[in-house]
Structure formats: C-alpha cells, structure tokens
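>>> below are the sequence and a predicted model; questions follow.
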Amino acid sequence: MYSLLLLFDLGWFIVIRVDGTGYLCQGLHLNYTYASVVATYVSPTRTVITVDAGPVRANLTYLTPIELNDWTLHTLPFAYLAIDLWSIDGNSHAVQIYSDVAGQFVSSNPANILTWNTTLTSKLIYHQAQQSTIRLFMENNDMSEDGAQYFAFATTPGVAVTWLTADSETGRVGFSTNGKLTNTSDTKYRAINDAWPVMAFSLELGNITQTSNSLVFALGLVRDPVLTYITSDGSQNRNPLWSIRWKNVGDAIDDFLSGFPSALSRAIAVDNKITSDASTTSSTFNLPSAVAMGLTDLVTLNLRQTIGSLELTTSSQSNGQLSGMEDLRVFMKDVGNSRRVNPVEMIYASFPAFLYLNASLAGALLEPLLEFQTSPSYSKEYAAPDLGSTWPSVQINNTDQSGLAIENCGSMLIMALAHTQKSGDGRLIHTYYNLLSKWADFLVQNSLGPSGYTTSDGLVGHQTPNLVLKGITGIYAMGKINQILEQRGADPKRTLQYLTTARNYTQQWQNLAFAPDHAVSTYGDNSTWSLLYNLYAPRLIGADIIPNNIYETQAMCQPFVKAHWTLLTAGSIFNITTGGARDALISTVHSRAFMRNKASPNPSMYKADDGTVTAGQASPAVGAAFALLALTLPDVTPTLPAGSVSTGSVSGILGGIFGAILVFLGLFVWLRKRREREGGGITPNVAPSEQQSPMNTSPFVTPFIFEPSTPEPNHLRGFEPPTANSDGMTPASQSGTRRPSPHEKRVLFRPQTDSLLRGHDSMAGNSVSGGSSSHQTTSTPVQSASQDTGLRRELDELRIQMETLRGQQQAFQPPQEVPIDPPPMYFNETDSDRGSARRAAVESTQLHANF
C-alpha cells in the first residue's frame with residue numbers, strides 16, 4: 001500500500017516531531033498524522049505554507065530566488081526551504097524536524113540505477129545523487145536525464161544535525177521512533193524504485209517556544225554542460241552562467257545557504273515591487289478592484305513559471321577557460337508543449353514579462369535567433385520559427401516553414417524594436433540591421449494579402465486579419481529601427497518608405513478586417529470572429545497607425561482559451577468605456593489559473609466551459625500577464641555602437657509595395673461589392689499623432705532596466721532593500737522568515753469559482769447565430785443579378801490589367817494553396833496526474849526548472 005502511494009509522491013518528505021508525535025507536512029505515509037494547513041501565501045518569489053503540528057505552528061517557506069541584478073547568482077539551480085516554528089500555547093515543546101528526498105528528481109524512469117554520496121564540511125552537509133550512467137543532453141517526459149540532485153543543510157548553532165542514506169522505510173520509521181538518524185550511508189546502489197533510497201536529515205531543536213533563526217535547506221538539480229550548440233562547423237557545449245563564479249558545486253552551495261538572509265530581503269523587495277506596480281497599473285488603466293486583484297494574482301503566479309523556462313549560458317574557450325558574460329546567450333524551452341528551443345511565438349507571448357523584469361534579458365533571449373540566421377548555414381529569406389525541436393540541443397532550423405514566415409518576421413521585428421526602446425541598448429539592431437531589413441522587405445511584399453500563410457495558432461486562409469496586422473506592425477517597427485540607425489548611416493528614405501507603407505496598409509486592412517460589430521478571422525466573412533491579440537504590439541512600441549475605435553472591437557466567442565493571446569488582447573484595450581471587454585478577458589484567465597481540482601499546472605490553453613487543459617501546462621507563455629505593466633515602461637534613448645550600417649536601396653521596397661497592391665486591388669473590389677450588399681464595416685477614426693501616444697509619456701520606470709553606461713551587462717539598475725516589515729508580514733524571529741499577518745492577501749485562499757467567462761483565441765469560429773451578419777440589404781433577384789454581372793465585368797477587366805503588370809515586375813511569390821509543413825502545434829495532455837503534478841512541483845515551486 002505504501003509503495004503504491006509513493007508513486008504519487010513528489011519525492012520530498014517533511015515531518016515535524018513534537019513531544020514524540022510526528023506530524024507529516026509534505027509527502028505520503030500511513031504511519032504519520034498529517035499536519036493541519038492553516039494558510040497558504042503566494043508571492044512572486046515565495047510560497048509560504050503555514051501548518052499546525054499539534055501545539056506548534058510552522059511556516060514552510062519555499063523561496064525561488066529571482067536575482068535580476070546579479071545574473072550569475074540568478075542562475076544557481078537551487079531553491080530554499082526555510083522552516084520557522086513557534087508555540088501556539090506559549091509552552092515549550094520538544095521539537096525535531098526530518099526531511100528527505102528520493103531520486104525522483106534525477107530521472108522520470110524509476111527503474112534507472114541511482115548512485116549517491118554524502119559530503120561533510122565544517123560549514124555544511126550535502127547529499128548528492130545521480131544516475132549511474134549520465135546521458136548528456138537527454139530528456140524523457142519533460143525531465144532531464146543528465147542532472148545531479150543536491151540536498152543540503154548548513155551547520156546551525158544550537159541545532160544537532162544527523163543524516164542518513166537508506167531505504168525510505170528505514171529513514172522515516174526510524175525517525176518516528178527515535179527522533180534522530182544514525183549518520184550512516186547505504187552503499188547498495190540500485191534502481192530509484194528499489195526500496196526507494198532516500199537522502200535524509202534530522203534536526204534536534206531541544207525544548208523551544210520558537211526558533212531563533214530560520215532552519216534553511218537547499219535543494220537543486222545541477223547540469224553542466226546544459227546545452228549543446230550545433231552548427232555547420234560542429235558543436236559547442238554551453239555551460240551554466242553560474243560556473244564563471246563558482247568552480248565547484250560545494251562552494252556554490254555554501255554561498256547559497258549562507259546568503260539566505262540577504263536573499264530573503266531581496267526577494268521581499270522584488271515581491272513588493274511587482275505587486276505594487278501591478279496595483280498602480282490597475283489604477284492607471286481603471287481596472288475595477290476585483291479585476292485589479294486578479295491581475296496582481298496572475299503576475300504573482302506566472303513569474304516563476306515564465307522565468308523557469310530559461311537557461312542562461314556561456315561557453316568554454318579553446319584553452320578551457322569560460323568566456324564569461326561577453327558570450328552570454330539565453331535559451332528558452334517550449335515547456336508544456338514540445339522540446340523546441342527559443343520558439344518565436346512563445347518568446348513573443350512572454351516578452352512583456354522580460355521587458356518589465358529586465359529588458360537586457362529580453363535582448364539576450366533574441367540574440368541566439370538573430371545570430372543563427374546570419375550564418376551561411378541558414379538559407380531562408382524569412383525568420384525561422386525556432387532553433388530546432390530537440391532541447392537541449394540547439395541547431396539551425398532550415399526546414400521549410402514558409403507558411404509561418406509573416407508571423408515570425410513580424411514578431412522578430414517587433415521584439416527587436418521593443419527591446420531597443422525599453423533597454424536603451426541599440427547593439428542588436430545595429431549588428432543585425434541587414435537581417436532585420438531583409439525580413440521587413442519580405443513583409444512589404446507579402447503581408448497585405450497573405451495567401452497560403454498561417455498564424456502560429458495554425459489558422460490557414462487566404463486573408464487572415466490578425467496575421468496581416470502582425471506583418472503591418474513589423475513593417476512599422478523596421479521604420480522605427482531604420483530611423484534610430486540614421487545616425488549610423490541608415491537611409492532616411494527607407495525610414496519614410498517603411499512608415500508610409502505601414503500606414504497605407506493599415507488603411508486598407510481596416511476596411512476589410514471588420515464586420516459591423518466585431519473583427520473577423522477571414523476577410524469578408526462576417527460569420528467568423530477573431531481575437532486581435534496582435535493589436536497589443538502597436539501599443540507596446542508606440543505605433544500611431546491604429547485608430548482608437550479599432551481597439552474597441554474585441555469580443556469573446558470561442559470554445560477554447562489561449563491565456564497568452566487573451567492577456568495580450570486585454571493589454572491593448574485602454575478606453576474606460578470598453579473596459580468591460582478587457583476586464584472580462586483578464587477575469588477568464590484568472591478563473592482558470594485558480595480553479596481547484598485541476599491536476600495540470602497553470603496552462604496556456606484550455607477549454608472555456610470547464611477549464612480542461614488542451615496544451616501548454618506550465619508554459620512560459622503566461623508571461624503575457626505582464627502586458628499592462630510593460631506598457632508603463634518609458635522609452636530610453638538608445639546607445640549605438642560605433643560604425644555605420646550598410647545602406648540599401650528603396651527600390652526593393654517599392655517593388656514589394658507595387659506587387660502587394662496588385663494582389664490587394666482584386667480582393668478589395670470584390671469585398672467592396674460584398675459590403676455594399678451586406679452593410680458597411682467599422683468607420684475608421686483618425687489615428688492619434690505619435691506625440692500623443694501614451695507609450696512615449698508614461699511616468700513609470702521599472703527598476704530592472706539596463707543602465708547603458710554600466711560596463712557589465714549583468715549589473716542592472718536595482719532598488720533599495722525594504723525597511724523592516726515592509727512586506728506587511730509579522731517576523732517569526734529577528735533573522736528568520738516571516739509569517740503572513742492577518743491582513744495580508746493570501747492568494748490561494750480567495751473564494752473560487754469553477755464557472756469561466758467564455759474566452760477564445762484567434763482561430764476562426766462561427767458567430768453565435770450561426771450565420772453571417774444580420775446587417776443585410778433587401779435587394780430583388782433582378783437587382784442582385786445585375787450587381788453580380790457588373791462585378792464579374794469589373795473583375796475580368798482588373799484581371800487583364802493585373803496579368804499585364806505582373807509581367808513587368810519581379811516579386812516574391814508567396815506559397816499558394818499547396819501542402820505546407822504545419823506550424824508548431826500544441827499537443828493534448830496525455831500525462832498521468834502523477835507525472836504532471838511532480839513536474840509542476842519541480843518547474844514552478846522547488847527548482848529553477850531548466851536552470
């Protein structure tokens with residue numbers, strides 16, 4: 001019975017023994033009484049669980065450090081467990097603490113052979129466990145197979161520490177009986193599930209009324225190297241960034257444990273800053289109080305999940321020395337969906353979080369994509385969707401992904417400009433100017449009538465307004481990039497041409513993308529609906545090309561919700577008169593994120609009616625929750641490297657515009673006639689001037705923005721640690737962790753509802769009525785026939801003119817209606833509850849996931 005129960009255990013066991021009775025706080029065991037959970041508090045960096053173990057109350061604080069002012073420290077792959085206790089009845093009690101970990105963090109296959117050892121120094125004791133055969137760069141069921149697990153405790157005055165490696169029953173039952181361990185090691189290495197070997201600690205506290213200091217454990221999974229970089233010239237192993245500071249794991253653990261008090265102070269400061277900014281942002285955008293609390297909850301819950309998808313790396317030189325910060329490269333895993341590396345659409349969805357937290361980090365995430373695509377090994381004219389699909393192996397994706405070309409070119413240009421605007425670092429756009437220009441010229445030629453192209457959601461069609469908008473915004477972004485680089489030799493004529501093209505395309509787009517009361521997913525088909533999440537990008541980069549009334553067209557109708565696109569759409573809506581749609585979009589995501597009785601962790605895609613996960617469990621895409629916060633960031637005047645960028649001719653742009661307009665004219669004539677029969681669309685307003693854009697006048701400043709004058713890219717603008725009790729929590733002791741005060745918000749204890757507001761994604765769907773627009777004219781059959789005859793005549797004449805013009809210009813021909821490689825698609829949830837729950841704990845609570 002016990003062995004069966006252990007299959008559903010996380011592999012981490014915690015017991016508090018009070019006056020001879022053991023109270024189980026974490027794990028499963030039939031011989032222990034369960035501690036009572038009193039409260040749960042969640043902050044961006046911490047999860048605090050308050051439990052009663054008989055007459056003693058304890059805070060179990062799980063702290064995931066997010067050290068964005070010190071990138072090497074941030075990448076240490078460890079998390080803290082800090083325990084503070086105090087007597088409820090005021091009397092002293094005899095207290096011991098027991099904790100162990102099994103080998104379930106090392107491999108997803110419990111039949112694999114585990115080896116282990118224990119190291120004792122004057123400062124700490126740590127257990128190490130790994131597979132007997134290390135298989136570099138191997139994954140199985142979303143878990144690495146090449147890591148070493150460490151479980152450590154620092155020697156603490158007044159605390160008698162004993163340890164043990166043994167089968168789980170020997171350790172757990174032995175502690176229940178004796179209250180201590182034997183300081184002995186089991187030397188029979190075996191399978192993870194063969195009597196379940198565990199690595200354990202026992203702490204003897206004596207008779208106490210409360211702890212004077214936090215009792216701090218460290219748990220981590222160390223991988224080195226962490227990635228392999230595959231190019232045409234061979235492969236290069238990438239090392240974790242922390243290895244440039246610490247030469248061995250023991251020293252890193254020692255510094256990590258001894259640095260807990262200051263790490264806690266910094267974590268509280270980060271928590272306070274993020275929740276305060278969320279509150280201020282909610283006030284700025286007039287969110288109702290309930291929605292404002294929901295937004296704070298979402299940024300709180302999603303931070304660790306987003307950051308946990310990243311791997312910050314450096315490389316080794318030929319002499320064996322590490323390159324250091326000058327070779328920093330950041331990689332993202334497509335957690336919850338696939339093993340794709342740096343998936344463009346996931347980076348795009350989570351980009352608001354990285355801009356808000358550290359715009360320099362956002363640039364380091366883009367650079368591997370840019371760098372690979374300037375290599376002679378990359379042969380495509382458009383942006384790649386990722387760096388391969390075999391994490392942790394990184395390689396050029398030279399497969400035919402032309403269907404996603406508009407989506408990815410637009411996303412990369414938007415993100416390159418946004419990074420430059422918010423960080424003040426112009427190096428990327430300067431270094432990769434020619435690559436960015438090539439992608440922009442591709443968009444000029446192909447965005448307006450994107451036949452044969454597809455969105456990252458898999459929507460394929462002749463004319464997809466959401467995709468067209470992505471391309472238009474990408475063209476505008478290139479205009480602004482070119483404008484910034486005019487001081488380094490970029491042609492001002494190209495600036496004018498890109499910006500003018502974007503505005504002209506927008507005028508044509510808005511005449512076709514809307515029914516009388518909603519956005520459509522296919523030009524001219526009023527029975528379809530679309531969530532225009534790409535309206536967020538013009539807000540983010542301060543583009544003045546979208547009339548305000550366009551932002552008021554968002555509606556919800558689809559049976560599936562994609563949380564990231566829903567949150568980006570919410571970030572595009574400013575007007576208080578249409579804030580109800582924005583508030584509903586935020587609320588629907590919040591309702592699912594905090595829905596009880598759902599095994600899969602915080603997904604990015606689920607069914608609207610019951611919250612069932614369809615894809616993206618623990619996905620970094622939920623960083624889109626920071627969309628509104630990112631809009632409050634000020635633009636920073638870019639600092640550019642020395643040297644000129646190569647200049648190009650505007651003739652290529654003009655030829656692209658010429659070809660695009662030809663394609664568009666025939667479509668416009670046909671749809672104009674159709675509109676005359678069905679009723680007009682939304683009447684465009686005049687776009688606001690660029691000087692009036694709220695993006696350029698925001699008074700808010702993030703504390704994480706990179707300071708261009710700082711010599712080291714990892715030394716970022718920080719903020720001062722808070723004063724005592726600034727987090728609103730009552731100290732358990734002078735130097736210990738803090739327990740929530742009665743007035744502090746406990747996120748997970750807010751009343752829940754399992755009823756979801758109906759949301760949707762960008763995929764096409766039928767209208768509620770099942771038909772087309774109700775705004776139809778009442779023409780007679782004779783009139784209709786006459787109109788159709790006239791329309792056919794116009795189209796025949798136009799076709800002849802277009803064929804003549806096509807022969808006079810050489811334009812890129814987009815993929816037509818032929819089979820194309822499908823876009824990177826989500827897969828359905830098939831993992832067992834046990835696997836999902838265990839991976840969720842590893843990725844979002846205890847470890848830096850893939851760090």
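Looks like it arrived, so ask away.

>>> distance from stretch 369-384 to the middle of the chain?
Mean C-alpha position of stretch 369-384 versus that of the full chain (Cα atoms, centre = their mean, to the nearest Å) differs by 24 Å.

>>> one more: stretch 345-365?
In terms of Cα atoms, centre = their mean, the centre of stretch 345-365 is set 8 Å apart from its chain centre.

>>> same check on stretch 444-463?
25 Å.

>>> go on, stretch 565-583?
20 Å.

>>> can you give me the end-to-end span of that stretch?
Its first and final residues considered, stretch 565-583 spans 14 Å by Cα to Cα, to the nearest Å.

>>> buried residues in that stretch?
565-574, 578-579, 581-583 (16 or more other Cβ atoms under 10 Å). Every C-beta, even on glycine, is put in place using the N, C-alpha and C of the backbone.

>>> residue 101: which of those residues is nearest?
For residue 101, the closest of these turns out to be residue 567, at 35.3 Å, with distances computed as Cβ to Cβ.

>>> so how far is residue 415 from the nearest residue to the closest one once chain neighbours are set aside?
Once flanking residues are discounted, residue 567 sits nearest to residue 624: 4.0 Å by Cβ to Cβ, 6 or more residues apart in numbering. Going from residue 624 to residue 415 by Cβ to Cβ, to the nearest Å gives 13 Å.

>>> more neighbours: which of these two?
When residue 624 and residue 415 are compared on other Cβ atoms under 10 Å, the one with more neighbours turns out to be residue 624, at 31 against 27.

>>> does that one touch residue 569 like I think?
No: the pair residue 624 / residue 569 is not scored as a contact, 9.4 Å apart, by Cβ atoms under 8 Å.

>>> for the stretch 501-650 of the chain, give me the ranges with low pLDDT.
For the stretch 501-650 of the chain, the stretches with pLDDT under 70 are 552-560, 575-579, 647-650.

>>> now the helices for it?
Read by DSSP state H, counting those that start in this stretch, the stretch 501-650 of the chain holds these helices, from start to end of the chain: 536-541, 563-571, 579-593, 627-631.

>>> just the stretch 151-300 of the chain next, same as before
Using DSSP H, counting those that start in this stretch, helices in the stretch 151-300 of the chain cover 168-178, 249-258, 260-284, 289-307.

>>> between these, which one is closest to residue 83.
Using Cβ to Cβ, the nearest of the helices of the stretch 151-300 of the chain to residue 83 is helix 260-284, at 11.9 Å.

>>> and residue 187, how close does it get to residue 115?
As judged by Cβ to Cβ, residue 187 and residue 115 stand 10 Å apart.

>>> so which of those two has more stuff around it?
In terms of neighbours (other Cβ under 10 Å), residue 115 is the more surrounded of residue 187 and residue 115; the figures are 17 against 9.

>>> for that one, give me its contacts.
Counting by Cβ atoms under 8 Å, 6 or more residues apart in numbering, residue 115 makes contact with 129-132, 189.

>>> as JSON lines, these with distance to residue 457 would be great.
Output for those, formatted as JSON lines (distance: Cβ to Cβ, whole Å):
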{"residue": "129", "distance to residue 457": "42"}
{"residue": "130", "distance to residue 457": "40"}
{"residue": "131", "distance to residue 457": "38"}
{"residue": "132", "distance to residue 457": "44"}
{"residue": "189", "distance to residue 457": "48"}
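
>>> please report which of these has the highest neighbour count.
residue 129 (25 neighbours).

>>> what sits closest to residue 182 if chain neighbours are left out?
The nearest residue in space to residue 182 (Cβ to Cβ, 6+ apart) is residue 164, at 5.8 Å.

>>> hang on, that neighbour packs against residue 178?
No: no contact is recorded between residue 164 and residue 178 when judged using Cβ under 8 Å, the distance being 11.0 Å.

>>> of those two, who's got more company?
When residue 164 is set against residue 178 and neighbours are counted by other Cβ under 10 Å, the residue ahead is residue 164, at 24 against 13.

>>> kindly export stretch 444-457 (C-alpha atoms) in PDB.
These are the backbone C-alpha positions of stretch 444-457, laid out as PDB (Å, rounded to 0.1, in the frame of the first residue of the first chain):
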ATOM      1  CA  VAL A 444       6.300  44.600 -47.500                       C
ATOM      2  CA  GLN A 445       5.900  42.100 -50.400                       C
ATOM      3  CA  ASN A 446       3.700  39.600 -48.700                       C
ATOM      4  CA  SER A 447       1.700  40.900 -45.700                       C
ATOM      5  CA  LEU A 448      -1.300  42.600 -47.300                       C
ATOM      6  CA  GLY A 449      -2.800  39.600 -49.000                       C
ATOM      7  CA  PRO A 450      -1.200  36.700 -47.200                       C
ATOM      8  CA  SER A 451      -2.500  33.800 -49.300                       C
ATOM      9  CA  GLY A 452      -1.100  30.400 -48.100                       C
ATOM     10  CA  TYR A 453       0.400  31.800 -44.900                       C
ATOM     11  CA  THR A 454      -0.600  30.700 -41.400                       C
ATOM     12  CA  THR A 455      -0.600  32.000 -37.900                       C
ATOM     13  CA  SER A 456       1.200  30.400 -35.100                       C
ATOM     14  CA  ASP A 457      -2.200  29.100 -34.000                       C
END
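
>>> contacts only, for the residue nearest to the spatial centre of the chain.
Relative to the mean C-alpha position of the chain, the nearest C-alpha, by Cα atoms, centre = their mean, is the one of residue 620, at 2.6 Å. With contact set as Cβ under 8 Å, 6+ apart, residue 620 has these partners: 305-306, 308-310, 332, 335, 346, 349-350.

>>> again, only using 6 Å
Residues touching residue 620, when contacts are defined by Cβ atoms under 6 Å, 6 or more residues apart in numbering, comprise 306, 309, 346, 350.

>>> do you know how far the closest residue to the last one other than its chain neighbours is from residue 307?
The reference is to residue 350. The shortest distance from residue 350 to any residue that is not its chain neighbour, by Cβ to Cβ, 6+ apart, is 3.1 Å, and that residue is residue 623. Taken as Cβ to Cβ, the spacing of residue 623 relative to residue 307 amounts to 8 Å.

>>> these two: which has the busier surroundings?
The residue with the greater number of neighbours, taking residue 623 and residue 307 and applying other Cβ under 10 Å, is residue 623; the counts read 30 against 25.

>>> and that one, how far from residue 23?
Distance of residue 623 to residue 23, given as Cβ to Cβ: 37 Å.

>>> before we move on, what about residue 249?
Applying Cβ to Cβ, one obtains 33 Å for the distance of residue 249 from residue 23.

>>> the more surrounded of these two?
Set side by side, residue 249 and residue 23 give different neighbour counts by other Cβ under 10 Å, the larger being at residue 249 (23 against 20).

>>> okay, now the unreliable bits of the protein?
The chain contains residues with pLDDT under 70 at 1-9, 232, 450, 459-463, 552-560, 575-579, 647-851.
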